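K.L.:
The sequence and its predicted three-dimensional model are supplied below.
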Amino acid sequence: MARNDPYRNFRFLLEIDGIVQAGFSECTIPDTTNEPIEYREGNEETTVRKLPGLTKYGNITLKWGITDSMELFNWRKQVIQGKMGDARRNIAIILHDEEGNPAARWEFREAWPSKYDAPDLNAKGNDVAIETLDIVHEGMERTQ
């Protein structure tokens, strides 16, 4: 029987409305949850029913070493300036296998950056300066 090893988590790309960008040190793929709603009618047994509530999606978090690129900060700036029509975008996160082929794909709709965190600077250290961007969205699907 052929061995089927799991994919490793360090080869991935981010696609924002068809524009592919790499170079992120971390990318957090969010969770999806439904809070249960407990319900019972008076003539039923003493056990409550559990119905699914609203579907909630966590945030995408990106971390990368700061460079001279302003693209992601400018995207955040559109939200700050109230230009939401331009800021909402579709995003895909693509995980690659050992040969560099797409192996898994998550797609997010109506995404926009809700938080930007500039790097902490320290003259005594030699760490890479890391920027962070939190992205909210209105739905996700694993398509591959």
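P.N.:
In hand now; what should we look at? All of these numbers come straight from a predicted model, not from anything done at the bench.

K.L.:
contacts, neighbours, all on C-alpha from now
P.N.:
OK.

K.L.:
quick one, strands of this structure?
P.N.:
Taking DSSP state E, the strands of the chain run over residues 12-16, 19-21, 26-28, 32-39, 49-57, 60-65, 89-96, 102-117, 130-136, 140-142.

K.L.:
So what touches the longest one?
P.N.:
Meaning strand 102-117. 7, 73, 75-76, 79, 87-97, 131-144 (Cα atoms under 8 Å, 6 or more residues apart in numbering).

K.L.:
List buried residues within those residues.
P.N.:
The neighbour-count test (16 or more other Cα atoms under 10 Å) marks 73, 75-76, 79, 87-97, 131-137, 139-140 as buried among those.

K.L.:
Grab the longest helix from the chain for me.
P.N.:
Using DSSP state H, we find that the single longest helix of the chain is helix 71-80.

K.L.:
tell me what it is packed against?
P.N.:
In terms of contacts (3 or more Cα pairs under 8 Å, 6 or more residues apart in numbering; DSSP states H and E), helix 71-80 is packed against helix 84-87, strand 102-117.

K.L.:
Adding mean pLDDT and distance to residue 126, write the ones you listed out as CSV.
P.N.:
Formatted as CSV, those follow (pLDDT from 0 to 100; distance: least, Cα to Cα, whole Å):
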stretch, mean pLDDT, distance to residue 126
helix 84-87, 90, 34
strand 102-117, 96, 19
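
K.L.:
Mean neighbour count, these: which tops it?
P.N.:
A comparison of the helices and strands packed on helix 71-80 by mean neighbour count, using mean count of other Cα atoms under 10 Å, puts strand 102-117 on top with a mean of 17.

K.L.:
All set now, cheers.
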